[in-house]
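In: Sequence first, predicted coordinates after that:
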Amino acid sequence: MKHKLFTFLLAIVASIGILQAEVYSGTCGAEGNGSNLTWSLNTEDSTLTISGIGAMMNYVLYYTPWWDSYPGSSSIKTIRIGDGVTSIGDYAFQDCSGLTSVTIPNSVTGIGRYAFLRCSSLTSVTIPNSVTSIGDDAFYDCKKLTSVHIFDLAAWCAISFSNTAANPLYYAHNLCLNGTLVTDLVIPNSVTSIGESAFSGCSSLTSLTIGNSVTSIGSWAFRSCGSLTSIQWNAVHCNDFTSTSTPFYYYSSSATYNNFDIRSQITSFTLRSEMR
């Protein structure tokens, strides 16, 4: 009799849990009526899923459809972005304070402005080779970021970062290439251009080798690389720099930014033999 009563009580508890779990859903696409992409938020496991093909809608501060859904963005712990999604919209995952990591699929080419604004528990992000642009302050205030994972240096060097804080390295400081922390960075000879702010804030770097095919290096590409002490410069034909906008320096009239000049910490700078 006691066993039957216990089984009955367990069944009631389970049924209550099922009743409490809800799934909210809607559209979030940027094409036509928005139905090219759909979203669903499962409150049982706090998972937001984006599915479909094409671009995501751009949102504004304090408004996304999952922001308005109970229990809202702050409860989201997992984000699953389907292979087929080509862009992450402006402010898309703002204030997802329970999110700890995110992997962006290889179909995504652009990440919008403030896309991960104030994702305060985010510790790692994986950026695929397909991404070519990241908007203003995409990872703003993601202060717990500790690692950025990439798979190809050439693809990373080609990303257009709208500003320094668009680069997750601004907070993470550690770049991992195919699972290995990058400390001795060798830009391969296949790379001709290193984008603006590409490695800005990457304090895991201790040495840098610039490949001989590099012809262009963007401003502040190596700003605030606080552990960098050795540079091997093999580039023969590279763009000119100004006194206040070099790959290793950021000029500002504010004393707050003085520590962005890393030139004084370089103890070894070597030119290829034919350039001496």
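Out: Done, it's in.

In: how about the residue nearest to residue 112 when sequence neighbours are not counted, secondary structure?
Out: The spatially closest residue to residue 112, leaving aside those adjacent along the chain, is residue 90, at 3.8 Å (Cβ to Cβ, 6 or more residues apart in numbering). Using the backbone N, CA and C atoms, a C-beta is placed for each residue, glycine as well. The three-state label given to residue 90 by DSSP: H, G, I helix; E, B strand; the rest coil is coil.

In: pretty sure residue 90 contacts residue 110?
Out: No: judged on Cβ atoms under 8 Å, residue 90 makes no contact with residue 110 at a distance of 10.3 Å.

In: what sits in contact with each of these two?
Out: Contact criterion Cβ atoms under 8 Å, 6 or more residues apart in numbering; residues shared by residue 90 and residue 110: residue 135.

In: What is the helix or strand harbouring residue 48 packed up against?
Out: Using DSSP states H and E, residue 48 falls within strand 47-52. Judged by 3 or more Cβ pairs under 8 Å, 6 or more residues apart in numbering; DSSP states H and E, the packing partners of strand 47-52 are strand 37-42, strand 78-81.

In: export those to a markdown table and tack on mean pLDDT and mean neighbour count?
Out: Converted to a markdown table, the helices and strands packed on strand 47-52 look like this (pLDDT from 0 to 100; neighbours: other Cβ atoms under 10 Å):
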| stretch | mean pLDDT | mean neighbour count |
| --- | --- | --- |
| strand 37-42 | 95 | 20 |
| strand 78-81 | 95 | 18 |
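
In: Output these in JSON lines; the columns should cover distance to residue 137.
Out: What follows is these, written out as JSON lines (distance: least, Cβ to Cβ, whole Å):
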{"stretch": "strand 37-42", "distance to residue 137": "23"}
{"stretch": "strand 78-81", "distance to residue 137": "19"}
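
In: Mind listing what's buried along stretch 111-120?
Out: For stretch 111-120, the neighbour count (16 or more other Cβ atoms under 10 Å) marks 111-119 as buried.

In: before we move on, the earlier item: measure the residue nearest to residue 112 to residue 117 for me?
Out: Applying Cβ to Cβ, to the nearest Å, the value for residue 90 to residue 117 is 9 Å.

In: One more: residue 207?
Out: 34 Å.

In: Need the nearest residue in space to residue 53, chain neighbours excluded.
Out: Counting by Cβ to Cβ, 6+ apart, the residue nearest residue 53 is residue 84, at 4.2 Å.

In: so what's that neighbour up against?
Out: 51-54, 105, 107.

In: Surely residue 75 touches residue 42?
Out: No: at 10.6 Å, residue 75 does not count as touching residue 42 under the criterion of Cβ under 8 Å.

In: quick one: secondary structure of residue 140?
Out: Per three-state DSSP, the local secondary structure of residue 140 is coil.

In: shouldn't it be in contact with residue 117?
Out: Yes: in this structure, residue 140 is within contact of residue 117 by Cβ under 8 Å, at 5.2 Å.

In: Please tabulate the buried residues of stretch 111-120 in CSV, including the columns pLDDT, secondary structure and distance to residue 59.
Out: CSV is the format used below for those (pLDDT from 0 to 100; DSSP: H, G, I helix; E, B strand; the rest coil; distance: Cβ to Cβ, whole Å):
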residue, pLDDT, secondary structure, distance to residue 59
111, 98, strand, 13
112, 98, coil, 8
113, 97, coil, 10
114, 97, coil, 9
115, 97, coil, 9
116, 96, coil, 13
117, 95, coil, 11
118, 94, coil, 14
119, 95, coil, 15
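
In: quick one: the strands in the stretch 101-250 of the chain?
Out: Remark: strands assigned in the stretch 101-250 of the chain by DSSP state E, counting those that start in this stretch are 101-103, 110-111, 124-126, 133-134, 147-150, 160-161, 175-177, 180-181, 184-186, 193-194, 207-210, 216-217, 230-233.

In: for the last one, packing partners?
Out: Right, strand 230-233. Counting contacts by 3+ Cβ pairs under 8 Å, 6+ apart, strand 230-233 is packed against strand 207-210, strand 268-271.

In: what pLDDT does the residue positioned nearest the centre of the chain get?
Out: Residue closest to the mean C-alpha point of the chain, counted by Cα atoms, centre = their mean, is residue 168 at 4.5 Å. pLDDT, residue 168: 96.
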